[in-house]
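Novice: generate coordinates for the sequence data below:
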Amino acid sequence: MFDGIALFFLQAAVPLPPELFQLPEGIGRVGLILVGMAALLALETGFGRQSNRTPLARKSYRLNFGTLLVNDALFSLLSLSSLWVWANSFSQRGLLDRIAHPWQDLAAFILLDLTLYFWHRACHAFPWLWCLHQVHHSDPFVNVSTAFRLHFCEVLLTTLVKAGFILVTGVDVGSVLLAETAIALAVMLHHANLRLPGERWLATLFTTPSLHRLHHSVHRSEHDRNFGLLFSLWDRLLGTLTEGEPARVGLRGVPPQTLLELFRLGPSASTFDAEQLGQMIAEAAYYRAEKRGFVPGFELEDWLAAEREILARVGLLS
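Specialist: Numbers count the residues shown, from 1 in each chain. Prediction:
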């Protein structure tokens, strides 16, 4: 979602086609995102599930919005928005180029959300991607601003994924940015420190704050679930949906960081002690056993595989 916001701030600095910034009636795409963020911040203050007036909460807000500003500056410095311009030159040459509007927009909307579901899963499955993505998971106070707590390299890679999506599907950048507006609002909403009325009903199709809060659990068996951005349908269909309330959110052994420490965050042996590593390995082994339906006879195999995975993830095994 970040690159859609960055385009707004970069319009004056980078020569972008004006059609990328055509606004719908009234407020416009980025304006809608900013208004949505302000509204969610106000709701968190008045109706949050946890108080946002604590030192922990204030530190989270400062760090997350600081991350947004740093990412925006780096995005501008490297002119990464030109990737959108380049990708747009290939529009109408892909899998969806023969579908007329507005059906093409609808197909792009659904397929982009599915693409980002798989990208999110990859960020958890591959240690080198998790090294970046754990910056997002390091927030011990999940709130609307957590949506912006992203390592710049992850922002870059996600931009490349979306540019690739345009190349493959042939949809124009405008359609993708329109879909991104809805997804960005959904991402901010499901990170919000709120309980929604009728949330159980909404969760049958959409990713809600409670579903995504579990995704931020310190327990791997829980944070490797509920990957959907807008739709929870993908998690339901692909067996990655879990419901419940996490005992704690954030990462084990990772205290709230300064902005510099946040961007330097990566797998580190000093982050984990032996007890924490043992717990992580046990959770990973349980997760593997659960995936195979707890069929007996594979306990040692699951444990050894989990041990290799966790040690590689924290940098103790190459």
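Novice: so how far is Leu77 from the closest residue to Ala179 other than its chain neighbours?
Specialist: Nearest non-adjacent residue to Ala179, counting by C-beta to C-beta, 6 or more residues apart in numbering: Phe109, 4.2 Å away. All C-beta spots, glycine's among them, are computed from the backbone N, C-alpha and C. From Phe109 over to Leu77 the distance is 31 Å, taken as C-beta to C-beta, to the nearest Å.
Novice: next one: Phe227
Specialist: Phe227 sits 31 Å away from Leu77, taking C-beta to C-beta as the criterion.
Novice: give me the more crowded residue out of these two.
Specialist: Phe227 (24 against 9; other C-beta atoms under 10 Å).
Novice: neighbours around Glu301, how many?
Specialist: By the criterion of other C-beta under 10 Å, Glu301 has 13 neighbours.
Novice: got it, and Gly228?
Specialist: If you count neighbours by other C-beta under 10 Å, Gly228 ends up with 26.
Novice: number of nearby residues for the closest residue to it other than its chain neighbours?
Specialist: Nearest residue to Gly228 in three dimensions, chain neighbours excluded: Thr207, at 4.5 Å (C-beta to C-beta, 6+ apart). Other residues near Thr207 come to 28 when the count uses other C-beta under 10 Å.
Novice: could you do Ala306 as well?
Specialist: There are 21 residues near Ala306, going by other C-beta under 10 Å.
Novice: just confirm it is within a helix.
Specialist: Yes: under DSSP: H, G, I helix; E, B strand; the rest coil, Ala306 falls within a helix.
Novice: for it, which residues are in contact?
Specialist: Ile281, Ala282, Ala284, Ala285, Tyr287, Arg288 (C-beta atoms under 8 Å, 6 or more residues apart in numbering).
Novice: give me the pLDDT for it.
Specialist: You'll see Ala306 listed with a pLDDT of 85.
Novice: now the one 3 residues further on
Specialist: At Glu309, the pLDDT value in this model is 82.
Novice: can you name the helix or strand that it falls in?
Specialist: Assigned by DSSP states H and E, Glu309 belongs to helix 299-313.
Novice: what sits against the nearest residue to Leu111 once chain neighbours are set aside?
Specialist: Distances taken as C-beta to C-beta, 6+ apart place Thr169 nearest to Leu111, at 6.5 Å, with adjacent residues excluded. If a contact means C-beta under 8 Å, 6+ apart, then Thr169 has Gly94, Leu95, Leu96, Ala107, Ala108, Leu111 as its contacts.
Novice: tell me the phi and psi of Thr169?
Specialist: Taking degrees, to the nearest 10, you get phi -90, psi -30 for the backbone angles of Thr169.
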